[in-house]
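In: Here is the input, now give the coordinates:
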Amino acid sequence: MQPIGPWLERQYRHAAGAMLRSISPVDIVKQRPGFGQTVRARKGAIVASPILAAYDPDPDYFFHWYRDSAVIIDALRLLRSDQTVGPEALEHLADFVRFSRSLQHLDGRALVADAGWRAAVAVDFRKFLRTEADLDRVHDEAVAGETRVNPDGTLDISSWPRPQHDGPSLRALALLRWARESIPALEQAEDLAALIRFDLEYTARHWRESSFDIWEEEQGRHYYTLRVAAGALAAGARWLERSEQSDLHRRCASEAQEIQRILDEFWLPDAGYYRSRVLSSGASSAKELDIAVILAAVHTAADARGGPHTPQDPRMHATLERLEALFGEAYDINRSRPDGMGPAMGRYAGDVYYSGGAYFFSTLGAAEFCFRAAAHAGDADAWIGRGDAYLQTVRVHVPASGAMSEQFDQRTGAQTSAKELAWSYAGFISCVHARRAAIGQGSRA
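Out: Numbers count the residues shown, from 1 in each chain. I've put the predicted structure just below:
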């Protein structure tokens, strides 16, 4: 195969520009006539995709997801660090902080009191609306448990799986990284610090509660949610140690240690992997072997210090091997792949969402995991080669235009689901940075 280096640099530049289109897309107006809505994005909002769709057949991703927006604002930090993006990066960060803090004032009770908005919803769409009881619970810090909001800063009125608790943890992690690099240069440093403290306090109070998983499908306790909570609280404790927030510092440190102990219970020795979930119903789940476990290690790696539940964990290595075997056998595009290409990675066995196939951010997450493992491994070259094999697979499924959707079909390799997914681009940016760190920028073609 051709050396991957030149393509990586071209695609990196494209990914940067494409991802930026999802940040503060104030020139885009989204019409949802069935819901009686006209949505005009505000500065600081980050949409999952700037491409307008309405399940026609592509999904409507013109929402500010807490989780996705945190991943993207963190990738923006990386673009600033290598000067791909200039001073406007700090402007985007300041807008994001202001927008995020404004969401704390949302109150679902106002929608309960004003029934007029329901009358504007088409009759055949009313079955998709949230109940009054659901909306009545959304106020004060409970707003942070929302899965997503409209990018105009209003509540999502559709019946959607909630609560989710990974968003505040991921946002805290991303903003803590910005804080370490940028507080002296950021005019809104106090707002940034206040938002970090809010997210840490929310995480410390709510991590024990049942929530929906990263894919918004099953309720219970989830490895991904707990791992990012532990990562945020541990990083937050180190940040708070330098301030006068001694009580919160001690609480964050203590809660992080408790979560770490609970994460150990997710290891299934007979199966040889970390399971992704324990359902509230007590039933077993067919989704226990899930790429979310690998993504948890990747999304917390920048703040981890090695050991269990990091890319240096042999149990994590075993989990990745089980996922490779699963998708290597399940997908036609993997069974016919040439030497030098890693398996295209999906989410879990039996996925039926759109093509139920490979995801760019899953495959890139596996690659980044390998590069993160290489940074502290005696067999670094082997890990780097393994990561590059995943990137070769991504390369094959990215057209000359550089466009990256959410999925690529498990049988044909054609891109499917949401077009121009910001998380796909953010995952690419993060992966390339991890590769550079593992091998030294420019030292490997």
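
In: For the stretch 1-150 of the chain, just list every one of the helices.
Out: Using DSSP state H, counting those that start in this stretch, the helices assigned to the stretch 1-150 of the chain run over residues 5-20, 66-81, 88-102, 108-113, 116-119, 132-136.

In: Over to the stretch 251-400 of the chain?
Out: For the stretch 251-400 of the chain, the helices defined by DSSP H, counting those that start in this stretch cover 292-300, 314-330, 332-335, 360-374, 380-397.

In: and of those helices, who's closest to A418?
Out: helix 360-374 (10.7 Å; C-beta to C-beta). Quick note: C-beta positions are derived from backbone N, CA and C, even for glycine.

In: who's in contact with the spatially closest residue to K419 that is not a sequence neighbour?
Out: Leaving aside its chain neighbours, K419 sits nearest to I51 (4.4 Å; criterion: C-beta to C-beta, 6 or more residues apart in numbering). If a contact means C-beta atoms under 8 Å, 6 or more residues apart in numbering, then I51 has D58, Y61, A418, K419, E420 as its contacts.

In: about what we covered before: could you dump the helices of the stretch 1-150 of the chain to JSON lines with distance to R148, mean pLDDT and mean neighbour count?
Out: Below are those laid out as JSON lines (distance: least, C-beta to C-beta, whole Å; pLDDT from 0 to 100; neighbours: other C-beta atoms under 10 Å):
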{"stretch": "helix 5-20", "distance to R148": "18", "mean pLDDT": "97", "mean neighbour count": "18"}
{"stretch": "helix 66-81", "distance to R148": "7", "mean pLDDT": "98", "mean neighbour count": "24"}
{"stretch": "helix 88-102", "distance to R148": "13", "mean pLDDT": "96", "mean neighbour count": "20"}
{"stretch": "helix 108-113", "distance to R148": "14", "mean pLDDT": "97", "mean neighbour count": "16"}
{"stretch": "helix 116-119", "distance to R148": "18", "mean pLDDT": "92", "mean neighbour count": "11"}
{"stretch": "helix 132-136", "distance to R148": "14", "mean pLDDT": "97", "mean neighbour count": "14"}
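
In: nearest to M316, of those helices?
Out: helix 66-81 (19.5 Å).

In: Let's see the closest one as PDB, backbone CA atoms only.
Out: The C-alpha coordinates for helix 66-81 follow below in PDB (Å, rounded to 0.1, in the frame of the first residue of the first chain):
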ATOM      1  CA  TYR A  66     -23.700  17.700  25.000                       C
ATOM      2  CA  ARG A  67     -21.400  14.700  24.300                       C
ATOM      3  CA  ASP A  68     -20.600  15.500  20.600                       C
ATOM      4  CA  SER A  69     -20.000  19.100  21.300                       C
ATOM      5  CA  ALA A  70     -17.500  18.300  24.000                       C
ATOM      6  CA  VAL A  71     -15.600  16.000  21.700                       C
ATOM      7  CA  ILE A  72     -15.600  18.700  19.000                       C
ATOM      8  CA  ILE A  73     -14.500  21.600  21.300                       C
ATOM      9  CA  ASP A  74     -11.600  19.400  22.400                       C
ATOM     10  CA  ALA A  75     -10.600  18.700  18.800                       C
ATOM     11  CA  LEU A  76     -10.600  22.500  18.300                       C
ATOM     12  CA  ARG A  77      -8.100  22.800  21.100                       C
ATOM     13  CA  LEU A  78      -5.800  20.400  19.100                       C
ATOM     14  CA  LEU A  79      -6.200  22.500  16.000                       C
ATOM     15  CA  ARG A  80      -5.200  25.600  17.900                       C
ATOM     16  CA  SER A  81      -2.200  23.800  19.400                       C
END
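
In: same for that helix, what does it pack against?
Out: In terms of contacts (3 or more C-beta pairs under 8 Å, 6 or more residues apart in numbering; DSSP states H and E), helix 66-81 is packed against helix 5-20, helix 88-102, helix 166-182, helix 422-439.

In: if you set the cut-off to 10 Å instead, what comes out?
Out: Applying 3 or more C-beta pairs under 10 Å, 6 or more residues apart in numbering; DSSP states H and E, we find helix 66-81 packed against helix 5-20, helix 88-102, strand 148-149, helix 166-182, helix 223-240, helix 292-300, helix 422-439.

In: if you average pLDDT over the fourth one, what comes out?
Out: For helix 166-182, the mean per-residue pLDDT is 94.

In: helices or strands up against that helix?
Out: Packed on helix 166-182, when contacts are counted by 3+ C-beta pairs under 10 Å, 6+ apart, are helix 66-81, helix 88-102, helix 189-206, helix 223-240, helix 292-300.

In: and the ones you listed as a markdown table, adding distance to G402?
Out: Listed next are those as a markdown table, based on distance: least, C-beta to C-beta, whole Å:
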| stretch | distance to G402 |
| --- | --- |
| helix 66-81 | 16 |
| helix 88-102 | 21 |
| helix 189-206 | 32 |
| helix 223-240 | 28 |
| helix 292-300 | 22 |
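
In: Could you measure from the residue nearest to E132 when sequence neighbours are not counted over to A122?
Out: Nearest residue to E132, sequence neighbours excluded (C-beta to C-beta, 6+ apart): V112, at 4.9 Å. Remark: distance between V112 and A122 (C-beta to C-beta, to the nearest Å) = 20 Å.

In: again, but for A142
Out: A142 is 28 Å from A122, by C-beta to C-beta.
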